[in-house]
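# Fold the following, please.
(chains A, B, C and D)
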Protein chains: 2
Amino acid sequence: MKYNEAKDKFIQTWGTLGSSWGISRTMAQVHALLLISPESLCTEEVMEELKISRGNCNMTIRDLMDWGLVYKELKAGERREFFRAEKDIWKVAKQIIKERRKREIEPVLGVLEELKQVEGNKTDKKHKALVDAVTNIESVVEKADFALEKAIKLDENALIGTLFKLFK
Amino acid sequence: MKYNEAKDKFIQTWGTLGSSWGISRTMAQVHALLLISPESLCTEEVMEELKISRGNCNMTIRDLMDWGLVYKELKAGERREFFRAEKDIWKVAKQIIKERRKREIEPVLGVLEELKQVEGNKTDKKHKALVDAVTNIESVVEKADFALEKAIKLDENALIGTLFKLFK
DNA sequence: AATATCTTTCAAATAATTTTGAAAGTTCAA
DNA sequence: TTGAACTTTCAAAATTATTTGAAAGATATT
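Numbers count the residues shown, from 1 in each chain, chains lettered A, B, ... in the order given. Have a look, this model is predicted:
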């Protein structure tokens, strides 16, 4: 495979993976481009490479910085901003997990807690089914949240090693 | 909170959680409705409760069955099909992980393997950056895939217990 | 303070996804 | 074999999400 073909396919693939695991497709594509750029790039260069508009490019890069996946870099004597990606993929994964726990799990736990307070009678089947479902979901979500919280504090190999031992 | 309000909020919340963690919003809503139904429901009942069309309802239920989250139930003397949800949420989570590994991780690993074969010279910075990125991503994705594969073979409490010990 | 360079915003346009509903398909009982 | 009851399909419509680009906002330079 030629370099240019591989590059396009890489941006495409990382875009797909990202969009199915928590960051938007364009965010993942910009991140992919920066990942394979030896030097940091400016907005103009990202626009040009990915054929996206200035507005889109700007917003996407801001989002990536909010997620902690891209850093701003100022070059001496340069007016415009340059950007480089976090290249340690385990760090990237940890960062995504951290953000998603905050953005998507925590709010749900709040709602579940509220839902457990539903008025009603324990002998009513429908009421019981609702309370049971909420209770079970809360239990699993809390455990998953805990597991993720711990997992991102570990070194990637420590995590694998631990799981591996359990099955030896 | 009144039962009906809690029910709607539950369907809404499970819909949101589902759609951000791998199944579509409507799939998650139908699943939510079935989760809190003491008896299995027929297509007509699901359509009525969620105000969705017959076509959508049918396709969504098929998808849920494909994912292993909903089962068909035949009632004696009844022509139409009834559906009930898997109510063990840990099983649901495991099932979703299993499907997503198959649908979303495995194909990516294939592409990454291909990409490592890109032609080029090790001294070319761009070429090296691409190969490095692919190699690092592959390593993390493989480890995550392994971790998920092992995690779904464990009891939920065993998983938590193990992680807990690591931090005692 | 005027100008050039770069960044941000956001309403409108475009694209992608989801939903609908009517028609076709299936199954079964009479 | 007919038709009633139910399920499936899929093109078109509706809805959602993303992208654009021009205008407004910054910021540094002369």
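# Determine how far the worst-scoring helix or strand of chain A on mean pLDDT lies from the middle of the whole chain.
Between all helices and strands in chain A, the lowest mean by mean pLDDT, DSSP states H and E belongs to helix A:156-166, at a mean of 86. For helix A:156-166, the gap between its own C-alpha mean and the chain's C-alpha mean amounts to 22 Å (CA atoms, centre = their mean, to the nearest Å).
# domains of chain A?
A:3-85, A:89-166 (automatic domain parsing).
# angle of the longest helix anywhere in chain A against helix A:156-166?
Counting residues, the longest helix in chain A under DSSP state H turns out to be helix A:125-151. Helix A:125-151 and helix A:156-166 are oriented at 120 degrees to each other (axes from the mean of the first three to the mean of the last three CA atoms, to 10 degrees).
# and helix A:125-151, is it in reach of chain B?
Yes - for helix A:125-151, a contact with chain B is found by CB under 8 Å from any CB of the partner chain, at A:125-130, A:132-134, A:136-137, A:139-141, A:143-144, A:146-147, A:150-151. Every residue, glycine included, has its C-beta placed from N, CA and C.
# And stretch A:83-90, by the same measure?
Yes - residues of stretch A:83-90 contacting chain B under CB under 8 Å from any CB: A:87-90.
# Show me what counts as buried in whichever strand or helix holds A:Met59.
A:Met59 belongs to helix A:54-66 when elements are defined using DSSP states H and E. For helix A:54-66, burial by neighbour count (16 or more other CB atoms under 10 Å in any protein chain shown) applies to A:57, A:60-61, A:63-64.
# Please apply the same query to stretch A:117-136.
A:118, A:127, A:129-131, A:133-134, A:136.
# and if you look at stretch A:143-156?
A:143-144, A:147-148, A:150-152, A:154, A:156.
# centre of the chain versus it, how much separation?
Going by CA atoms, centre = their mean, where stretch A:143-156 is centred and where its chain is centred differ by 14 Å.
# Look up which residues are beta-bridged to A:Phe82.
Taking DSSP bridges as the rule, A:Phe82 bridges to A:Cys42, A:Glu73.
# Surely it touches A:Ala76?
No - between A:Phe82 and A:Ala76 no contact is recorded; they are 11.1 Å apart, counting by CB atoms under 8 Å.
# Who has more neighbours out of the two?
Using other CB atoms under 10 Å in any protein chain shown as the criterion, A:Phe82 and A:Ala76 rank with A:Phe82 on top: 17 against 4.
# Any part of the helix holding A:Met59 near DNA strand D?
Yes - against DNA strand D, helix A:54-66 shows contacts by CB under 7 Å from any atom of the strand at A:54-56, A:59-60.
# Could you export these as CSV, including pLDDT?
Below are the residues of helix A:54-66 next to DNA strand D laid out as CSV (pLDDT from 0 to 100):
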residue, pLDDT
A:Arg54, 97
A:Gly55, 97
A:Asn56, 98
A:Met59, 97
A:Thr60, 97
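# which SS state does the most centrally placed residue in chain A fall under?
The centroid of chain A falls nearest to A:Ile96 when counting by CA atoms, centre = their mean (2.9 Å). Classification of A:Ile96 using DSSP: H, G, I helix; E, B strand; the rest coil returns helix.
# which residues touch it?
A:21-23, A:67, A:69 (CB atoms under 8 Å, 6 or more residues apart in numbering or on different chains).
# Helix, strand, or coil at the residue lying farthest from the centre of chain A?
Most distant from the centre of chain A: A:Thr123, at 42.8 Å, with distances by CA atoms, centre = their mean. Using three-state DSSP, the structure places A:Thr123 in coil.
# List only buried entries from the contacts of A:Ile96.
Counted by 16+ other CB under 10 Å, the contacts of A:Ile96 give A:21-23, A:67, A:69 as buried.
# nearest to DNA strand D, of the residues you listed?
Of all these, A:Ile23 has the smallest distance to DNA strand D: 9.9 Å, by CB to the nearest atom of the strand.
# residue contacts, that closest one?
A:31, A:67, A:69, A:96.
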